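Colleague: kindly return the folded structure for what I paste below:
(chains A, B, C and D)
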Number of protein chains: 2
Amino acid sequence: MAEVRLAKARRGRPRQAEVARLAGVSQTTVSLVLSGNKQGIALHPDTRARVLQAARQLGYAPDPAAQRLAAARNDLLGVFSFTATFPTDVAHSYYPILVGVEQEAVARGYDLVLFTGSSSAPAQAGRTDALDRVRLADGCLFLGRHVPADELRRLVEQGYPAVHIGRRDELDTLAWVGADYAEATAEVVRRLADLGHRGMALVCETDEALASTDRERGFRGALAGAGLSGGVVRAADPAAEITGAWVRAQLAAGVTAFVAEETDTCAAWRALLTAVEEAGLTAPAEVSLALLGSPPADLAHHPEPTGFDIPKAELGAAAVRTLAALLTAGEADYSPLVPCAFRPGHTAGRAPAT
Amino acid sequence: MAEVRLAKARRGRPRQAEVARLAGVSQTTVSLVLSGNKQGIALHPDTRARVLQAARQLGYAPDPAAQRLAAARNDLLGVFSFTATFPTDVAHSYYPILVGVEQEAVARGYDLVLFTGSSSAPAQAGRTDALDRVRLADGCLFLGRHVPADELRRLVEQGYPAVHIGRRDELDTLAWVGADYAEATAEVVRRLADLGHRGMALVCETDEALASTDRERGFRGALAGAGLSGGVVRAADPAAEITGAWVRAQLAAGVTAFVAEETDTCAAWRALLTAVEEAGLTAPAEVSLALLGSPPADLAHHPEPTGFDIPKAELGAAAVRTLAALLTAGEADYSPLVPCAFRPGHTAGRAPAT
DNA sequence: TCCCCTGACTAATGCGCATTAGCCCCCGAC
DNA sequence: GTCGGGGGCTAATGCGCATTAGTCAGGGGA
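Modeller: Coordinates of the predicted model:
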């Protein structure tokens, strides 16, 4: 067996020992020369040259497995998304995050390991528990709101470096990065107020995710802060509740601006658009509309929604930075909230004169 | 230093030795139990259970680098793309391919490592250079046409299991899987011929990628096979060359069907749509249009293009199957061409009666 | 009773590299 | 001349795991 392995591994792959033999030095010296001699050990230029020459001649390339083993870290970052890894539908919402993750990871010299939550590998004997699989990486990013809290807690408590993308407060020991929905929403409200709107309504789907409640909190806070009136509507089926009649009733009650939040389906925003049209109103002129997030691809054009953009790529990058900090310093001193960028858009305008 | 490294490495990363201590057995036994005991060494069910229990309790996961070094395998598959795997410019992306790769890999019990051949990676001396990094994995998928051929050749010649996604013929030793563009294009031509079209034009960007020349080959072949007339236009800037006037001229020359190929930008297809409109013609009625590939997201709706879909997920899955074969058998007896599915669409109709 | 299996484990080793202790020799200072 | 002190290298060790040789009881046959 040993010979087989050797033959396979050897095929055209010189090791430092062979370079050393050719150069007439020790393996240590080869390592020293090739790895840039960070120890500050003095080396003769001649020796250096001989080693480099020998390495070139043999076509030496270090074995990454050995390097990583010796370094006691593998420079692998896990990316765990608990929904069927990169499902086509959710793809649109996670994809930009992955872009940021990849860029930052590459910049820092990490490779990425992809993990799927749902389609866990055939639970073979000896295979460890689903979440434990991420341990093959030095640290891991968790994505999505369905990450099982108890397993994640155990991982974190055992000191495994993990960063959750999206605010997460049940676990106070868990590092996370998230968009600052509250502040971004508050800014939208302030902008609308600046345009003269005194009453606003926020339309949401029934959802208790922090991404949603944060927006609601920001909305209410800004409303109160500016002495505005308005309310929040949570509808299980926005299309059913948000109708033309509803819009008219709101208008009658002094609400001139309507705000919806981005979700996977953007049901609330779609309902709002339909309802306004149904009410025979036009968007920037008679009522103002704002979307707390980015519109889905099929609604992206023409009337660009006023609102804010979630800096998804930046979120991914921030997550990697946090994880990297965890990995090198053991503790991250970070600001988890990433600001969103206000997007002027074309669906909000001055409040109509009463 | 040793303590520092140890402390760092230890952090939340149990080793077999620790599992062994907890289970009251030797590290060897743990290895035997966890790796399925391929040596046929007898083990007490009790011992086995104790070890598994201890491993679960500690959340043990094997270190891929160590596995790779010791056994020359770690059940990791690499995915290497020279450009970012998750490109910033949305549409074209490798994403759908990755979905297929992911599914097939998980089904076969492999984990995926994403290697991004970065332009920006710190190319320090001694640090494994771009392509050699993939050696951490048992085998690797390569995608994109910018994979450096010479480095890839070296890898393959040294016996490293690699599969390229997308036809690749400069390296006859390199395994690859690709969409059967030629046949798919030929089918489109045949369908158009069935609709009565006797003259057709293929519009391409200037591109010498196989994906493009294969289509051209299929086009010309089918044209000849059916005794049709027509030609191929390659334009550096399709928008400039493909005009309403050009379309009219073609029509006058007997060309009633226009075909474009999918590219990153889909410039040819866009140009075609514009030109036809400019010529005052409507698509299914007066001229027929076909797209060799899938439309970009922003053009996906309403007039669904006649043409074919590239089975990207299937391509990814096929690549994994091929790689798996390489890994287990050392040689893959495979059919590299994956068929594309014809898409009826709504832009092609009967040829207008002359 | 002795011996030799055989079953159930474990000690020892090595993968290729980085790191840590030295080791040896030459040179300058006393 | 002797001794201290670098400079320039090398021997030894360990990273975490798989593998190869054992080792050590217990049991059955003679």
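Colleague: pLDDT weak spots in chain A?
Modeller: By pLDDT under 70, the weakly predicted segments of chain A are A:1-12, A:39, A:83-92, A:117-129, A:301-302, A:330, A:332, A:354.
Colleague: try it again with 80
Modeller: Residues of chain A that meet the criterion pLDDT under 80 lie in A:1-12, A:36-42, A:82-93, A:116-130, A:145-146, A:170-172, A:297-302, A:329-335, A:353-354.
Colleague: what about the helices in it?
Modeller: Applying DSSP state H to chain A gives helices spanning A:2-10, A:16-23, A:27-34, A:45-58, A:64-71, A:88-107, A:149-157, A:181-194, A:210-225, A:238-241, A:244-252, A:267-278, A:283-286, A:312-329.
Colleague: show me what contacts the spatially most central residue of chain A?
Modeller: In chain A, the centroid-proximal residue (C-alpha atoms, centre = their mean) is A:Gly316; its distance is 3.5 Å. Contacts for A:Gly316 (C-beta atoms under 8 Å, 6 or more residues apart in numbering or on different chains) come out as A:Pro96, A:Ile97, A:Leu98, A:Val99, A:Gly100, A:Val101, A:Glu102, A:Gln103, A:Glu104, A:Leu141, A:Ile165. C-betas here are computed from N, CA, C, even on glycine.
Colleague: pull the number of nearby residues for the first one.
Modeller: Using other C-beta atoms under 10 Å in any protein chain shown, A:Pro96 is surrounded by 21 other residues.
Colleague: report the contact partners of A:Leu52.
Modeller: Applying C-beta under 8 Å, 6+ apart, we find A:Leu52 in contact with A:Val33, A:Leu34.
Colleague: give me the residue from the stretch 251-354 of chain A nearest DNA strand D.
Modeller: Taking C-beta to the nearest atom of the strand, DNA strand D has its nearest neighbour within the stretch 251-354 of chain A at A:Leu327, 14.6 Å off.
Colleague: these two touch, right, that residue and A:Ala162?
Modeller: No: contact criterion C-beta atoms under 8 Å: A:Leu327 and A:Ala162 do not qualify, at 10.8 Å.
Colleague: okay, and the common contacts of these two?
Modeller: Overlap of the contact sets of A:Leu327 and A:Ala162 (by C-beta under 8 Å, 6+ apart) consists of A:Gly139.
Colleague: what comes into contact with stretch A:156-172?
Modeller: By C-beta under 8 Å, 6+ apart, stretch A:156-172 touches A:97, A:134-135, A:138-145, A:147, A:149, A:152-153, A:155, A:173-178, A:210-211, A:214, A:315-316, A:319, A:322-323, A:326-327, A:336, B:11-13, B:59.
Colleague: and stretch A:99-115, does that touch chain B?
Modeller: Yes: applying C-beta under 8 Å from any C-beta of the partner chain, one finds that stretch A:99-115 is in contact with chain B at A:99, A:101-103, A:105-107, A:109, A:111-115.
Colleague: out of these, which is most surrounded?
Modeller: Highest neighbour count within these, by other C-beta under 10 Å: A:Val101, with 29 neighbours.
Colleague: hmm, back to that, of the helices of chain A, which is nearest A:Ala351?
Modeller: Shortest distance between A:Ala351 and those, using C-beta to C-beta, is found for helix A:181-194: 8.2 Å.
Colleague: quick one on the thing from earlier: need the nearest residue in space to the residue nearest to the centre of chain A, chain neighbours excluded.
Modeller: Among residues not flanking A:Gly316 along the chain, A:Gly100 sits closest, at 2.9 Å (C-beta to C-beta, 6 or more residues apart in numbering or on different chains).
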